[in-house]
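**Q** fold the following, please.
(chains A and B)
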Amino acid sequence: MKLQDTLSNQEKELETTPKVRIYLCGVTVYDESHIGHARTIIVFDVLRKYLESKNIEVNFIQNFTDVDDKIINRAKLENVSAEQISTKYIEHYFSDFDGLNVKRATNYPKATEHIQDILDFIQKLIEKEIAYVSKNGVYFSVSKFPEYGKLSKKHIDELQSGARIEVDEAKKDPLDFAVWKFSDIEPTWDSPWGKGRPGWHIECSAMSIKYLGGNFDIHGGGRDLIFPHHENEIAQSESFTENQFAKIWMHVGMVTISGEKMSKSLGNIKSIKYVLENWGPNIIRLFCLSGHYSKPIDYSEELLKENLIKWRQVETAYYELVHAIGANSSENVPEMAQKSSKDFDDALEDDFNTHLALSAFFTLVKETNRLAAENHLGEIESKTIMPELQRMLDILGLNIPKVLPEQKQDIDKMIQDRETLRKEKQFSEADKIRDNLNEMNVELIDHKGKTIWMKKEQIKADL
RNA sequence: GGUACUCUGGCAGAACGGUUAUGCGUGGGCCUGCAAAGCCUAUACAAGGGGGUUCGACUCCCUCGGGUACCUCCA
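**A** Just a heads-up that it's a prediction; the model follows:
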């Protein structure tokens, strides 16, 4: 698989043996997660599921930043401890992302549980004279890392000229950043240099190296993390290991609303809770995968609606396959299915182009529905197509709503009753049954010979 | 101001130096008791402006312009 690497600005081949090691910068747990977080995490979820579908072992680490000024401020505001805040939002995180059908990472390390690793890391930087102790904390000395700026393509001199006049004269250089902040405000930990808490960037360096070793395969996150977060991580980590940090830097574009980034100040944040309630996981996933991961996508209800229509086609195809009541086809169905499947993989192999992969997926959906409409979707066709369709559904993390066996019996009974009424031309009674089923999100499809049903995902949003 | 990304048909969105992208939408049709769903078919002058390279450019180069992000915390 080729992936665009932010650092070299080139496509690089992902090495998949013996396994793939991925570190994804997760969220700071001080508030609800939003659709922007969802996008980044869904992109990596699909990447991971795809690799695993190829029997590649993936060690997927995603951190929680659970010590941070924003958490502390929030705690103060709500008059609770910082830990209560972070615990609460970690719980919310999992309920959101389980709801989005995101597979749990191999591990979710937290900064607060790795203080000793962080202290060891800092100690070594001090010993190497790359970090220094000052009045307010321990700082990383940017001038000791000549390649500083290589990820974000910034020039140090320009940064300095543009930098604001630093209030903190304890720093030797305005660009230097804290790896340890002295503080008496809880949470704090003792350190050889003074009581305090870790700086933001150090946790990711310490934890990624701890869990994945130096020189792991993919380091990812949102584009907005390139500077300063990832730039600083590189500086710390490569100073520490004297080796290349991550092989590929993969950055996911922002989700915008009316062309603008979501932000608190603009008040245009769409929480995952909100979109999940209104649209459900499948449509959100389709939306998040609808563009190339590196580019921004613009959130709008219209686009979600478009994805809903596409999703209905998927549901239809799936249930046509389940029932497969047609005669056999004279077409080369296996070839068609294999082509879609191959196009799907090819698209993902080429810089993880999910949009093209979705095109291939929808081609299979469309062909299935065409065969059904032409009454040529029989059992043989179904057995050929279903595994391919299911494979793609699994990789994309899409779930067809299923019904329980006992519900199924009820549905079949209702369809039979309706059939009888229709034969007796009691159409208004027959339509009542259809309406009742509709309320259960069960839609009937009247084919020439036989009526089949499909279970539809419930959508709350106004259409 | 600096850096990066970006500008494709009503909307979304790819690929590619020369071939219909695709989807949604829209028009028409098939199916149906009527619907719904699905299918078929038609529909687009597409390429921010201007130059250049080329037999040929949306695709390469230059230039001008627009947008977004980052340069402080941010997925």
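
**Q** now the phi/psi pair for the residue nearest to residue A:54 when sequence neighbours are not counted, please.
**A** Nearest-residue entry for residue A:54: residue A:16, 7.6 Å, with adjacent residues in sequence omitted and distances by C-beta to C-beta, 6 or more residues apart in numbering. All C-beta spots, glycine's among them, are computed from the backbone N, C-alpha and C. Backbone torsions for residue A:16, taken as degrees, to the nearest 10, come to phi -110, psi 0.

**Q** leaving out the residues flanking it, which one is nearest to the residue in the stretch 201-350 of chain A that RNA strand B sits nearest to?
**A** For the stretch 201-350 of chain A, the nearest residue to RNA strand B under the criterion C-beta to the nearest atom of the strand is residue A:222, separated by 2.3 Å. If the residues on either side of it in the chain are set aside, residue A:222 comes closest to residue A:40, at 5.1 Å by C-beta to C-beta, 6+ apart.

**Q** give the buried residues for the strand or helix carrying that neighbour.
**A** Counting by DSSP states H and E, the secondary-structure element that holds residue A:40 is helix A:35-53. Counting neighbours by 16 or more other C-beta atoms under 10 Å, one finds that the buried residues in helix A:35-53 are A:35-52.

**Q** now stretch A:117-133
**A** For stretch A:117-133, burial by neighbour count (16+ other C-beta under 10 Å) applies to A:117-119, A:121-122, A:125-126, A:130-133.

**Q** now what about that stretch, what contacts it?
**A** Judged by C-beta atoms under 8 Å, 6 or more residues apart in numbering, the contacts made with stretch A:117-133 from elsewhere in the structure are A:111, A:138-141, A:144-145, A:172, A:179-180, A:189, A:191-194, A:198, A:202-203, A:205-207, A:209-210, A:236, A:239-240.

**Q** quick check: residue A:417 touching residue A:433?
**A** Yes: in this structure, residue A:417 is within contact of residue A:433 by C-beta atoms under 8 Å, at 6.0 Å.

**Q** so for residue A:14, what's the pLDDT?
**A** Taken from the predicted model, the pLDDT recorded for residue A:14 is 93.

**Q** for residue A:71, which three-state class applies?
**A** Classification of residue A:71 into helix, strand or coil gives helix, according to DSSP: H, G, I helix; E, B strand; the rest coil.

**Q** that one and residue A:458, how far apart?
**A** In this view, residue A:71 and residue A:458 are 35 Å apart by C-beta to C-beta, to the nearest Å.

**Q** the more surrounded of these two?
**A** When residue A:71 and residue A:458 are compared on other C-beta atoms under 10 Å, the one with more neighbours turns out to be residue A:71, at 23 against 9.

**Q** hey, where'd the strands end up in the stretch 1-150 of chain A?
**A** Remark: strands assigned in the stretch 1-150 of chain A by DSSP state E, counting those that start in this stretch are A:2-5, A:10-13, A:19-24, A:57-62, A:131-133, A:137-140.

**Q** who wins for proximity to RNA strand B among these?
**A** The nearest among these, by C-beta to the nearest atom of the strand, is strand A:19-24 at 7.9 Å.

**Q** just checking: what are the partner strands of the closest one?
**A** For strand A:19-24, the paired strands and their directions (DSSP bridges) are strand A:57-62 (parallel), strand A:216-222 (parallel).

**Q** pick the most deeply packed of those strands.
**A** Among the strands paired with strand A:19-24, the stretch with the highest mean neighbour count (mean count of other C-beta atoms under 10 Å) is strand A:216-222, at a mean of 24.

**Q** other residues contacting that one?
**A** If you take C-beta under 8 Å, 6+ apart as the criterion, strand A:216-222 is touched by A:3, A:14-15, A:20-25, A:36, A:40, A:44, A:208, A:229-230, A:233, A:245-252, A:254.

**Q** cool, and stretch A:346-357?
**A** Residues external to stretch A:346-357 that are found in contact with it (C-beta under 8 Å, 6+ apart): A:1-4, A:11, A:43, A:46-47, A:50, A:289-293, A:343-345, A:359-360, A:392, A:395-396.

**Q** anything in it near RNA strand B?
**A** Yes: applying C-beta under 7 Å from any atom of the strand, one finds stretch A:346-357 in contact with RNA strand B at A:353, A:355-356.

**Q** buried stuff in that stretch?
**A** Buried residues in stretch A:346-357, counted by 16+ other C-beta under 10 Å: A:347-349, A:351-354, A:356-357.

**Q** so of those residues, which ones are in helices?
**A** The helices in this structure, assigned by DSSP state H, contain A:347-349, A:354, A:356-357 from the buried residues of stretch A:346-357.

**Q** can you redo these as a markdown table with pLDDT?
**A** Conversion of these to a markdown table gives the following (pLDDT from 0 to 100):
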| residue | pLDDT |
| --- | --- |
| A:347 | 91 |
| A:348 | 92 |
| A:349 | 92 |
| A:354 | 92 |
| A:356 | 89 |
| A:357 | 92 |
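
**Q** now, the most widely separated pair of those?
**A** Taking C-beta to C-beta as the measure, these reach their widest spread between A:349 and A:354, a distance of 11.8 Å.

**Q** where do the strands sit along the stretch 351-463 of chain A?
**A** Under the criterion DSSP E, counting those that start in this stretch, the stretch 351-463 of chain A carries strands at the ranges A:442-446, A:451-455.

**Q** go through those strands and pick out the most buried.
**A** Highest mean neighbour count of those: strand A:451-455, a mean of 19 (counted as mean count of other C-beta under 10 Å).

**Q** what's the angle between it and strand A:442-446?
**A** Here strand A:451-455 runs at an angle of 150 degrees relative to strand A:442-446 (axes from the mean of the first three to the mean of the last three C-alpha atoms, to 10 degrees).

**Q** can you list contacts of strand A:451-455?
**A** Under C-beta under 8 Å, 6+ apart, the answer for strand A:451-455 is A:315-316, A:318-320, A:323, A:325, A:400-403, A:411, A:415, A:418-419, A:437, A:441-445.

**Q** picking up where we left off before, please check the contacts of stretch A:346-357 and keep the buried ones.
**A** A:1, A:3-4, A:43, A:46-47, A:50, A:289, A:291-293, A:343-345, A:360, A:392, A:395-396.
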